[in-house]
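# Sequence and computational prediction follow.
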Amino acid sequence: MNLRNLREDETDLLKDFLYEAIFIPEGVKPPPREIIEQSELKLYYEDFGSSRADNCIVAEDDGRVVGTVWTRIMNDYGHVDDETPSFAISLYKEYRGQGIGTRLMNEMLELLRSQGYKKASLAVQKANYAVRMYEKVGFKTVDENDEDYIMVCEIGDTNGNS
């Protein structure tokens, strides 16, 4: 499994992986693919690469992109402030549970740290199995509502600089 940065000509992949990232509880019919065209979801991919906090790392298996993690500062469900990038992560189902998501998360946290960000955030449905992975890489719940956790990871600077 190779991890690398998303290339400019691959930004359409974000739409595919955004759809894959939609958590569908057991027994619930998946939404139509057009759901990603809704304004609250378009902000995850529209004009990606136009902002300093727009970062994307992909997992590639035999030349095929099988997972992505991306960040941007956006007013999404996990938004905590205008200095904190929000995470989105997605893997094709057959690649889940193999540690790839953890590798992607850790790689992105390291990239954000090197760019000077102090923290990162995300929103996740309480029933989503990924909550445990987020906790494992350092995210902590800072807020919640009936369905979601808002989680933040303090990434700071490991060299003691501020």
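Looks like it came in fine.
# how much space between the closest residue to residue 78 other than its chain neighbours and residue 5?
Among residues not flanking residue 78 along the chain, residue 123 sits closest, at 3.6 Å (CB to CB, 6 or more residues apart in numbering). In short, each C-beta sits where N, CA and C put it, glycine included. The gap separating residue 123 from residue 5 is 24 Å, by CB to CB, to the nearest Å.
# So for those two, which sits in the more crowded spot?
Using other CB atoms under 10 Å, the more surrounded residue of residue 123 and residue 5 is residue 123, with 20 against 12.
# In terms of secondary structure, what does the helix or strand hosting residue 143 contact?
When elements are assigned from DSSP states H and E, residue 143 belongs to strand 140-144. The helices and strands touching strand 140-144, judged by 3 or more CB pairs under 8 Å, 6 or more residues apart in numbering; DSSP states H and E, are strand 148-154.
# Give the buried residues for the strand it packs on.
For strand 148-154, the neighbour count (16 or more other CB atoms under 10 Å) marks 148, 149, 150, 151, 152, 153 as buried.
# tell me which residues of the strand ranked longest in the chain are tucked away?
In the chain, with assignment by DSSP state E, the single longest strand is strand 64-72. Across strand 64-72, burial judged by 16+ other CB under 10 Å covers 65, 66, 67, 68, 69, 70, 71, 72.
# How about residues contacting that strand?
Applying CB atoms under 8 Å, 6 or more residues apart in numbering, the contact partners of strand 64-72 are 1, 6, 10, 13-14, 17, 44, 48, 51, 53-60, 85-92, 95, 100-101, 104-105, 107-108, 112, 120.
# again, but for stretch 96-107
By CB under 8 Å, 6+ apart, the surrounding residues in contact with stretch 96-107 are 1, 3, 57, 59, 66-69, 87, 89, 91, 130, 133-134, 136-137.
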